[in-house]
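Student: quick check, what structure comes out for this input:
(chains A and B)
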Number of protein chains: 2
Amino acid sequence: MKIKEFKEYLEKEGIDFALFYNAGMETNPNFFYFSGFNGAGTAVIGKSPFLLVPKMELERAGKGNINHVYAFKKKRAFQSVYEIIKKRKLRHKKIGIDKSSLTLNEFISLKKHIKSKFADVSNYCSKLRAVKTPKEIIYLKKSCSYADKIINKCIVNFNEFKTESDAAAFLVYETKKSGLEISFSPIVASGKNAGMPHCEPSNTKLNKGFCVVDFGVKYRGYCSDITRTIYIGKPSLNEKNVYNILLRIQKGAVDLVENNKKCSELYDFVVKSLGKDAKYFTHGLGHGIGVEIHELPNLTPKSKDSIKDSMAFTIEPGIYVPTKFGIRIEDSILFSGSAKILTKTSKDLIII
Amino acid sequence: MKIKEFKEYLEKEGIDFALFYNAGMETNPNFFYFSGFNGAGTAVIGKSPFLLVPKMELERAGKGNINHVYAFKKKRAFQSVYEIIKKRKLRHKKIGIDKSSLTLNEFISLKKHIKSKFADVSNYCSKLRAVKTPKEIIYLKKSCSYADKIINKCIVNFNEFKTESDAAAFLVYETKKSGLEISFSPIVASGKNAGMPHCEPSNTKLNKGFCVVDFGVKYRGYCSDITRTIYIGKPSLNEKNVYNILLRIQKGAVDLVENNKKCSELYDFVVKSLGKDAKYFTHGLGHGIGVEIHELPNLTPKSKDSIKDSMAFTIEPGIYVPTKFGIRIEDSILFSGSAKILTKTSKDLIII
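Tutor: Residues are numbered from 1 along each chain as shown, chains lettered A, B, ... in the order given. Model (predicted):
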């Protein structure tokens, strides 16, 4: 994606090319963004991009964005990269690297094999990725639409589940069956477990009370993110009130989204609206979504980010009373003239 | 785990304490190994270990190995760490860091907030983790036993699956239902797809021929890994032969495992046994398993590792003929006096 803009940036900065390394066990977001390949390898992005992968990945890597794919000839990745640089007679006085993902040991190895000046391109990449291309928007919409379909099916079937794990398993099963990946390990947190925002599903019986279901899929590498809180049992009037207050605040925050809006202002609106309950809101209001489940913009109190056209992000206020209960309501949003809610599952309190 | 040995190492090296940082989206293996917590945070391992986590993770982090858990008071993690170092009057002339996971940007931030000398502890940690404690062995056995149960159930039900994704979804569903995580995204590769060792399951119809099923779970954070290759349709005599040759080689490699055996020799044995087909064996023979799915020892041609008591690792020879077919047979092994196969699913060719 956006290889053209990136090359212009490199030229402006006097960087000959940028090198992105993916050790392989996890997908490195910038590596994947440019190469379209989600395995181990090194992508060299400059005038004529190329990709090096282990021999066993040649066939798979050829299906990505980069036409020139080489197999490692040496055990040491950066040594192989250097051989191609030499062969292609590529100028390499100043090489861009991704300091947000390159580890200290990887950098030691890189410096050993390639003599150059190195410049960080990670901040630029994060900003580049925050504004989506039309193709990325199609992928994100599709990703959210799958997430909707699957979370809906989960809620409809909720009566069948005995444990949090059962519900989480259902979500993952439906994702995999659709040939997709989950964008993170789903959270199904019932009763007092819901008081922990990142609670892991357990295989003990579902507790009565609010149950937070936080889920998303990856469609062609693009992450969706949605949370719905349902109620198991019979909610009290007070519980219904708390839910509806949070829902109003979530909708209010979405309504406030406009061009150039400071993300910190959206956060502040939620804190102000929560009043004395703001102490139970213990995380950011949201985050960008794309090839990463958490990327720019940050909707946090000290964020310097503002909303721009074609940004995609979540809005997810929550209330967590430790050892008591938790509620979170989250949508994936695309800003394009106005805030378009991409996750369309109903937000009315569902009682199971 | 092994905090005592690690402290002895620090003392010997004149390191005051080691600091492990986990940005949070993926589990940092050394951070998890010492802290027992799989979320975002910073673990300081020295005379009196402590852990810092975001406020919303306090309750969950308290369930790990470390008694002293603090919430971040500042947005910047390392600034909060420094405040505790000052408060506790901890000597910090030389701090151990994990250069295999700390990124260049994280290190820049660390140096900004904490003035010290820094020494890499990553190599030591990798070696420490390669030899398992009795508790870890219990977790690994349990992990392999779950993997066996689930892959068996998958094979028994294989007739029900229409696509590779269906089978992969089944594996993940059963894992989640058991309250476990997968140790990596399962591979179900049928027909010519099996020729790509890391093929991703697709939701097109299962192809006839060999079908590689590579799967594992995490039990309490510990990874199992097993591959079985089944046959969809009616194998020719030649196909049965190829399978049985690979199976004999796999068993032969397991039989060769003994104390102090060089891992490269195990690899060489397989290459030699494969003869002219060795060119179709395009990856290492195996890898250690533990809190990471790939850790020490490396069973690769240039590995310097040797088998030691209480090491856990895979043995997984394969034959991949690109665009034609693929076969892999993999067990998780524990070395304790002799090679104990932890994954007990039958390796006879199953015909579906």
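Student: how about the strands in the stretch 151-300 of chain A?
Tutor: A:181-182, A:187-190, A:209-215, A:217-219, A:222-223, A:226-232, A:286-288, A:295-299 (DSSP state E, counting those that start in this stretch).
Student: chain B: which of those strands is closest?
Tutor: strand A:181-182 (6.5 Å; Cβ to the nearest Cβ). (Each C-beta comes from the backbone N, C-alpha and C, glycine too.)
Student: that closest one pairs with which strands, parallel or anti?
Tutor: Strand pairing for strand A:181-182, using DSSP bridges, gives strand A:217-219 (antiparallel).
Student: show residues contacting the strand it pairs with.
Tutor: For strand A:217-219, the external contacting residues (Cβ atoms under 8 Å, 6 or more residues apart in numbering or on different chains) are A:139-140, A:142-143, A:146-147, A:150, A:175, A:178, A:180-183, A:223-224.
Student: just give me the neighbour total for the residue nearest to residue A:311 when sequence neighbours are not counted.
Tutor: The spatially closest residue to residue A:311, leaving aside those adjacent along the chain, is residue A:335, at 5.0 Å (Cβ to Cβ, 6 or more residues apart in numbering or on different chains). Summarising burial for residue A:335: neighbours were counted as other Cβ atoms under 10 Å in any protein chain shown, giving 21.
Student: and residue A:335, what does it touch?
Tutor: For residue A:335, the residues meeting the contact criterion (Cβ under 8 Å, 6+ apart) are A:257, A:259, A:307, A:308, A:309, A:310, A:311, A:312, A:313.
Student: which among those gets closest to chain B?
Tutor: Nearest to chain B among the contacts of residue A:335, with distances taken as Cβ to the nearest Cβ, is residue A:313, at 16.2 Å.
Student: tell me the spacing between the closest one and residue A:134.
Tutor: Summarising the geometry, the distance separating residue A:313 from residue A:134, computed by Cβ to Cβ, to the nearest Å, is 18 Å.
Student: quick one: which of those two has more around it?
Tutor: It is residue A:313, of residue A:313 and residue A:134, that has more neighbours when counted by other Cβ under 10 Å, with 29 against 8.
Student: hmm, residue A:285 and that one touching each other?
Tutor: No: applying Cβ atoms under 8 Å, one finds residue A:313 not in contact with residue A:285, separated by 9.4 Å.
Student: joint contacts of these two?
Tutor: Taking Cβ under 8 Å, 6+ apart as the criterion, residue A:313 and residue A:285 both touch residue A:299.
Student: hang on, residue A:51 packs against residue A:45?
Tutor: No: under the contact definition of Cβ under 8 Å, residue A:51 does not touch residue A:45, with a separation of 9.4 Å.
Student: low-confidence ranges in chain A?
Tutor: By pLDDT under 70, the low-scoring segments of chain A are A:25, A:73-75.
Student: quick check, central residue of it?
Tutor: What sits nearest the mean C-alpha location of chain A, by Cα atoms, centre = their mean, is residue A:293, with 1.1 Å.
Student: dump the residue contacts of that one.
Tutor: Residues touching residue A:293, when contacts are defined by Cβ under 8 Å, 6+ apart, comprise A:183, A:184, A:216, A:223, A:225, A:287, B:25.
Student: from those residues, pick the one nearest residue A:79.
Tutor: Comparing the contacts of residue A:293 against residue A:79 with Cβ to Cβ picks out residue B:25 as the nearest, at 29.8 Å.
Student: for the stretch 251-352 of chain A, which residue gets nearest to chain B?
Tutor: Among all residues of the stretch 251-352 of chain A, residue A:282 sits closest to chain B, at 3.9 Å; criterion: Cβ to the nearest Cβ.
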